[in-house]
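Participant: Quick one, structure for this:
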Amino acid sequence: MKMHRISTEQILPISLDEAWDFFSTPDNLNEITPEDMSFKIVSGSGERTFAGQIISYKVRPLFNIPLSWVTEIVQVVEGKYFIDEQRFGPYKFWHHRHHFEAHRDGVLMKDTLHYVLPFGILGEIMGSIFIHDKVKGIFSYREEKLKQLFPKK
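Facilitator: Okay, the predicted model is just below:
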């Protein structure tokens with residue numbers, strides 16, 4: 001079992017409160033997810049992120065094949081960070097920490113994702129061919145989308 005890690009950082013020219021309001025609202029996920037994934041929240045949205053929250057999605061991450069994905073918000077420290085973990089879905093393991101801190105230019109947003117692919121060596125081969133790039137592409141898309149949503153003033 002190989003654990004993969006992606007870490008990203010982005011400074012947004014908004015206040016910590018504005019960042020927290022945006023990212024702790026699950027309904028905003030659709031706005032920062034690539035359109036080709038056909039991301040749709042099925043249940044668990046409509047309120048701010050809280051520990052124990054279960055969110056179900058339909059997503060088409062590869063080859064337009066629909067998948068169900070269920071995550072749980074396992075930890076929340078208001079205004080600082082929250083962690084989501086996959087309960088059911090395409091990965092063997094998924095742990096995603098979203099961290100926010102005040103910065104002289106707005107807010108520093110840090111993401112740390114740990115994930116394990118299913119299917120052993122076959123999963124690793126698929127990962128090296130396209131899955132790792134797809135995951136990185138989701139974060140790249142989000143970075144560009146956030147620049148559009150929150151332009152420098």
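Participant: where does this structure have its least confident helix or strand?
Facilitator: helix 120-126 (a mean of 90; mean pLDDT, DSSP states H and E).
Participant: Residues in contact with that helix: which ones?
Facilitator: Helix 120-126 is contacted by residues 1-2, 92, 117, 119, 131 when judged by C-beta atoms under 8 Å, 6 or more residues apart in numbering. (Each C-beta comes from the backbone N, C-alpha and C, glycine too.)
Participant: list the buried ones in it?
Facilitator: By neighbour count on 16 or more other C-beta atoms under 10 Å, the buried set for helix 120-126 is 123-124.
Participant: Other residues contacting the helix or strand just after that helix?
Facilitator: Per DSSP states H and E, the first helix or strand lying C-terminal to helix 120-126 is helix 132-149. Applying C-beta under 8 Å, 6+ apart, the contact partners of helix 132-149 are 4, 6, 8, 10, 12, 31-34, 37, 61-62, 111, 113, 115.
Participant: just how off-centre is helix 132-149 within its chain?
Facilitator: 10 Å (C-alpha atoms, centre = their mean, to the nearest Å).
Participant: Now do the end-to-end distance for stretch 47-62.
Facilitator: The first and last residues of stretch 47-62 sit 29 Å apart, counting by C-alpha to C-alpha, to the nearest Å.
Participant: cool, stretch 44-54 as well?
Facilitator: End to end - C-alpha to C-alpha - stretch 44-54 spans 6 Å.
Participant: before we move on, what about stretch 12-28?
Facilitator: 16 Å.
Participant: what's the answer for stretch 23-43, then?
Facilitator: Across stretch 23-43, first to last residue, C-alpha to C-alpha, it's 17 Å.
Participant: So which bits of it are buried?
Facilitator: Neighbour count says stretch 23-43 has 23-24, 26, 29, 32-33, 37, 39, 41 buried, by 16+ other C-beta under 10 Å.
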